[in-house]
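# here is a sequence together with a model predicted from it:
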Amino acid sequence: MPAAHPQIEFDEQGNWRCVGYLFDYRGKRIYHSGDTSLNATIIESVKAYTPIDVAFLPVNERNHYRDEQGIIGNMSIREAFQFAGDLGVRSLVPMHWDMFLPNSVYAEEIEVVSRNIKPSFRVLMNPARI
């Protein structure tokens, strides 16, 4: 699947430089977005394969201040939740939120958004099983 870091780019052979993955495993469809920002191409590419049981989406948002420091962020928490909702996922696993201190969000931020939005899917923080 295409990924945008921060834009979709291609190599000399026309292959995507950044990718996400879609797996069918034991009757479940699992989407791992890779290190990606969100755009219409990615949304439509992944929606073509719904329903998706589990989505792994990065929630270390891209913003002006991070861009100024040369830090390439990904989706905001709300973007990831909306995307997961659009995909009709059963479970969302937020990722990249705790990888690097300058490009992180707090687990509590994810939990507050989840509690207030009340999504139709489960939010799994650091799951041992999906």
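Ah, there it is.

# for Ser37, what are its contacts?
Contacts for Ser37 (CB atoms under 8 Å, 6 or more residues apart in numbering) come out as 4-7, 62, 73-75. Every residue, glycine included, has its C-beta placed from N, CA and C.

# and those, which of them are buried?
Using 16 or more other CB atoms under 10 Å as the burial test, the contacts of Ser37 include 4-5, 62, 73-75 as buried.

# returning to what we had before: of the contacts of Ser37, closest to Ala55?
Nearest to Ala55 among these, counting by CB to CB, is Met75 at 11.0 Å.

# now the most centrally placed residue in the chain: closest residue in space that isn't a chain neighbour?
Computing the C-alpha centroid of the chain and ranking residues by CA atoms, centre = their mean puts Leu57 first, at 2.1 Å. Among residues not flanking Leu57 along the chain, Ala80 sits closest, at 4.1 Å (CB to CB, 6 or more residues apart in numbering).

# with only the CA atoms kept, save the helix or strand harbouring that neighbour in CSV.
Assessed by DSSP states H and E, Ala80 sits inside helix 77-87. Taking C-alpha atoms only, helix 77-87 is exported to CSV below (Å, rounded to 0.1, in the frame of the first residue of the first chain):
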residue,chain,number,x,y,z
ILE,A,77,-4.8,11.3,16.9
ARG,A,78,-8.1,12.6,15.4
GLU,A,79,-7.0,11.9,11.8
ALA,A,80,-6.1,8.3,12.8
PHE,A,81,-9.4,7.8,14.5
GLN,A,82,-11.3,9.3,11.6
PHE,A,83,-9.4,7.1,9.1
ALA,A,84,-10.0,4.0,11.2
GLY,A,85,-13.7,4.9,11.3
ASP,A,86,-13.8,5.4,7.6
LEU,A,87,-12.2,1.9,7.1
